[in-house]
Every structure is written in C-alpha cells, then in structure tokens.
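# let's see this in three dimensions:
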Amino acid sequence: MKRKVLSLTILALALSLSVPRAWANHGGGYGGRGGHDLGAKFFWKAHMLMENKEALGLSADQADAIHQLKIDVKKEWLRQSAEIEIAEIDIMSALKTEKPDVDAVNQLIDKKYELKKALSKTIVSSLVKLKSTLDQKQWDAFKKLKEDGKKGTCSRCQGMKHGS
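Predicted coordinates:
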C-alpha cells in the first residue's frame, strides 16, 4: 500500500513539473527553459536588428558583433539549459528511491533554480551588450520601427511583420 501511495505521489509530482514547462514553451523558441521570455526577447531583437541592418545603418563590424553575440548566447543558452534539464532528471531520480531524502531533493531543487537564475542573468547581460552595439541614433531608429509597427518584414517568416 505504501509503495502504491509513493508511486502515485511521484507520478503527480512528475506531471506537475512537466506541465508548466510544456506550457511555458508552447510557442517554441527560447522561453521555456529557465530564461523565461528573456531568451525569446534577446533572439527577437537580434534577429530584427539583422533583418533591418540597412535601414538602421549598421556597419559591417556592428552586424558581425551582433551575429557573434547571437551565436555565443545560443551556445551558452544550450549549455545552461542542458544543466537545468540534468538537474530536473536528478530530482526525479532522487524521488524514485525507496525513501527519498527530502534535504537532498531540496538541495537539487535549489541547484536547479540557481541555474535558472544564472541563465536569466546571462541573457539580461546579453541584452545590454546587444543594445550597446548600437549608437543612440540607431537605437532610437530601432525603437521607432517598433513603435510605428514597421518592424520590418522577415524573409524567414513569409513577409509577416513581427510584433514586440
């Protein structure tokens, strides 16, 4: 009887951990793995800057810097997201033992959320670097594109305009 109750408890916990993650990443992209919507915001801005580089007057050096930042952030996002997923697996594994150690599981949960916090801070730092790549005139022009609803058309999105 105790084994059945423990199995049902673990199953309920597994479902509760997986449903919010699936919902958070419903639209795909970089939002559901610890970076919340920050990752999506970074990649959207970087993408739209590159799509509108001529209109914004980006130099070749600026475009290269944005491109490299995008690559660096994607690699770091993947590394940190993998660590978060490993922490989730460790939590589930610890809960499947005959007598789960609550303190050990709590430490694993703390580790998972420290990793998520670090990922969010990495992305915020990258957003600041992205903005600092532009001069004030270019940044104002980019903001105006967003405000006017003229966010540019994206060749990969079949001519659809992007929202903010």
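# and the helices in this protein?
2-24, 38-51, 53-56, 60-95, 102-132, 136-147 (DSSP state H).
# could those be laid out in a markdown table, adding mean pLDDT and mean neighbour count?
(C-beta placed from N, C-alpha, C; glycine too.) As requested, the helices of the chain are exported to a markdown table (pLDDT from 0 to 100; neighbours: other CB atoms under 10 Å):
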| stretch | mean pLDDT | mean neighbour count |
| --- | --- | --- |
| helix 2-24 | 50 | 11 |
| helix 38-51 | 93 | 20 |
| helix 53-56 | 93 | 16 |
| helix 60-95 | 96 | 16 |
| helix 102-132 | 95 | 15 |
| helix 136-147 | 91 | 14 |
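# which residues touch the closest residue to residue 87 other than its chain neighbours?
Distance criterion CB to CB, 6 or more residues apart in numbering; nearest residue to residue 87, sequence neighbours excluded, is residue 112 at 3.8 Å. For residue 112, the contacting residues are 84, 87, 88, 91, by CB atoms under 8 Å, 6 or more residues apart in numbering.
# report the separation between residue 112 and residue 83.
9 Å (CB to CB, to the nearest Å).
# and the contacts of residue 112, which two are the farthest apart?
The most widely separated members of the contacts of residue 112, counting by CB to CB, are 84 and 91 (10.7 Å).
# hang on, the earlier thing: among the contacts of residue 112, which one lies nearest to residue 53?
The nearest one, if we look at those relative to residue 53 and count by CB to CB, is residue 84, at 32.8 Å.
# I figured the closest one was touching residue 119, is that so?
Yes - Residue 84 is within contact range of residue 119, at 7.1 Å (criterion: CB atoms under 8 Å).
# for residue 137, give its distance to residue 143.
Taken as CB to CB, the span from residue 137 to residue 143 is 11 Å.
# what does residue 44 give?
14 Å.
# same check, this time on residue 97
Taking CB to CB, one finds residue 97 at 53 Å from residue 143.
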